[in-house]
Each structure stands twice: as structure tokens, then as C-alpha cells.
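Colleague: structure, please.
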Amino acid sequence: MTQSVSTVAQTVAPQLPYLRRFSRMLTGSQQQGDAYVVATLEALVADARVLRQDMLPRAALYHAFFKVWNSVPVNRKPEPAEDSLDRLVNQRLETLPPLPRVAFLLASVEELSMSEIASVLERSEEDVALLLNEASLEITNQLAAKVMIIEDEPLISLEIENLVHDIGHEVVGVATTHKEAVQLAKKVKPELILADIQLADGSSGIEAVSEILSEITAPVVFITAYPKRLLTGERTEPTYLIPKPFKPRMVQGVISQALFFDAKSQARARAHA
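Modeller: Predicted coordinates:
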């Protein structure tokens, strides 16, 4: 039975915040990530059959997303586009993350099962296991970074600190308020910032980070108990989000992705210097 556009919309709507989060982490950009989400939605409007009915809603939406994603040639110039949808779909990213990283994000951040990832990527579960192992090796070999934490809850702060150490990075300081965070950042010059959204003294982690980034350049991962509030698509939003309560693999995956794109950005800057 063919799904109507309204039925597809009802199925997809609850999953959109998660797809936005995933697409932004996958591309390392809010703008590019959201462009792929828009292209996916337009593909669904054009043909509701793109959303498979034999999969759970989130997995089916991600499968549709990768149909759009895979329409972009990896190492050659896209064919000329005939309409606006084709032009959007054919926006080639300068750096496409390898498939192991995609599989790792689907497992660690989106928490899809092995069978769901296999369906999304149209691979066997054995292939997915190999991809995840390759991603883990890549993360293990990632260069260590100096990480600053902005978090007012001591137990959560300690847990994050331990997770950061476990994956080979150095915690160079922990701040609990806006003022402390700005002062600490000037002192330690972090290479990655993990920041809570709301701090104990009523100050905003987002405002603290904004002030810090006016002085230094570093990727930022925000931590919040209410990620959907920041993923509406209506304003400038964080590229990297970790929802509370978080799981260790999710923290590992998001940190890895943030540092991956920061390293690519620095390499491009050096190449054009």
C-alpha cells in the first residue's frame, strides 16, 4: 500500500530533530547538513515510496537520507542539474566522511542497531561490524586534543572528564559559570570545548561560548537535556549536540566528529595560506 504525503509527514516529523543533528555532524556544518535534510524531505514529497514501510520510522528516514547522500559523486564533478532539487542534491561536500565514520555515528550517536544500520546503508551486518571496527581504529589514532569542559554539575563533569581521558584527550580545565569559562579559555587555549547549555548561576553556556569564540577558534560540542529545543531549523543552531543523559559511545562519536572536521578545516587553511 502506497503512503500518502500526509502520512509520510506524520511519520517523519518526530524524527526530524534527530536527522538534523546527524546530518550536521556528518557534514560538520549546519548549513550543509540542513541542505541535505531539505533535499531528503523534497525527495519524499516527490515520491512517498522513498520512505520504506518495512523499517522503523527513524531508520527508514535515514535510509531515504542516504539515498540523497549517495546521489552525490564522491571524486568527480556532478552532472549538470536540471532543477532546483537536483542542484541541492548535487552540492558536493569538499570532504565526505568515510563510510566507517557514518556507521560509527549511526551506532554511537543515533543508537541504531546493527540490523538497522545494515538496512540504512544497504550492507550486511558483517560489513557493518567491519566498518565499526575500522572507525574505532581511526578514532584511536586521532591526535590528542586539549579539551575544556563547561559544566556546573560535579558528577556529570567528572564523568565527561573520565570519558575524555579514556579516548586519549587531555582535559585542561573545568568551568562552572560564564565568567569562569571565559577566564579559563583565555588561560588554557582549548582545542575543543564541551559546554552545558544552562549553568548553575543562571548564566548561559551558549553565551559563554560565543564570547570565548570571539577570542579563539575551537570546535564546540553542546550538552543539553533538551536537544529538540535547539534543533528546530528556525535559527542559528549548534552543529554538535550531546543529549543528557548521554552514553559513553555517543560522547566518543561526537568528539571524534568535531575534531575530524576541525582538523580538515585547519588543513585547508594551511593549504591556502
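Colleague: could you dump stretch 29-40 to PDB, C-alpha only?
Modeller: Extracted as PDB, the C-alpha positions of stretch 29-40 are listed here (Å, rounded to 0.1, in the frame of the first residue of the first chain):
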ATOM      1  CA  SER A  29      28.100  22.300   9.100                       C
ATOM      2  CA  GLN A  30      24.700  23.500  10.000                       C
ATOM      3  CA  GLN A  31      24.100  24.900   6.500                       C
ATOM      4  CA  GLN A  32      25.300  21.900   4.600                       C
ATOM      5  CA  GLY A  33      23.600  19.500   7.000                       C
ATOM      6  CA  ASP A  34      20.300  21.200   6.800                       C
ATOM      7  CA  ALA A  35      20.500  21.300   2.900                       C
ATOM      8  CA  TYR A  36      20.700  17.600   2.800                       C
ATOM      9  CA  VAL A  37      17.700  17.300   5.200                       C
ATOM     10  CA  VAL A  38      15.700  19.600   2.900                       C
ATOM     11  CA  ALA A  39      16.700  17.600  -0.100                       C
ATOM     12  CA  THR A  40      15.600  14.400   1.600                       C
END
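Colleague: run the chain-centre distance for that stretch.
Modeller: The chain centre lies 12 Å from the centre of stretch 29-40; the measure is CA atoms, centre = their mean, to the nearest Å.
Colleague: let's test this: mean pLDDT of it, rounded?
Modeller: In this model, stretch 29-40 has an average pLDDT of 88.
Colleague: show the end-to-end separation of stretch 139-156, please.
Modeller: End-to-end distance of stretch 139-156: 23 Å, with CA to CA, to the nearest Å as the criterion.
Colleague: would you mark the buried spots in it?
Modeller: Using 16 or more other CB atoms under 10 Å as the test for burial, stretch 139-156 gives 139, 145, 147-152, 156. C-beta coordinates here come from the backbone N, C-alpha and C atoms, glycine included.
Colleague: show only the entries of those residues found in strands.
Modeller: Under the assignment DSSP state E, the buried residues of stretch 139-156 contribute 147-150 to strands.
Colleague: run a quick neighbour tally on Arg52.
Modeller: A count of nearby residues for Arg52, using other CB atoms under 10 Å, gives 17.
Colleague: likewise for Gly202?
Modeller: Look at Gly202: counted by other CB under 10 Å, it has 8 neighbours.
Colleague: could you look up the SS state of it?
Modeller: Gly202 falls in the coil class when you classify it by DSSP: H, G, I helix; E, B strand; the rest coil.
Colleague: can you name the next helix or strand after the worst-scoring helix or strand of the chain on mean pLDDT?
Modeller: Using mean pLDDT, DSSP states H and E, the weakest-scoring helix or strand in the chain turns out to be helix 84-89, at a mean of 41. Note on helix 84-89: by DSSP states H and E, the next helix or strand toward the C-terminus is helix 99-108.
Colleague: with only the CA atoms kept, save whichever helix or strand comes after that next one in CSV.
Modeller: Once the chain leaves helix 99-108, the next helix or strand it forms, by DSSP H and E, is helix 114-121. These are the backbone C-alpha positions of helix 114-121, laid out as CSV (Å, rounded to 0.1, in the frame of the first residue of the first chain):
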residue,chain,number,x,y,z
MET,A,114,23.4,-3.4,13.8
SER,A,115,20.5,-4.7,11.7
GLU,A,116,19.1,-1.1,11.3
ILE,A,117,22.5,0.3,10.2
ALA,A,118,22.8,-2.6,7.7
SER,A,119,19.3,-1.7,6.3
VAL,A,120,20.1,2.1,6.2
LEU,A,121,23.4,1.6,4.4
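Colleague: what's the angle from helix 114-121 to helix 99-108?
Modeller: For helix 114-121 against helix 99-108, the angle by axes from the mean of the first three to the mean of the last three CA atoms, to 10 degrees is 130 degrees.
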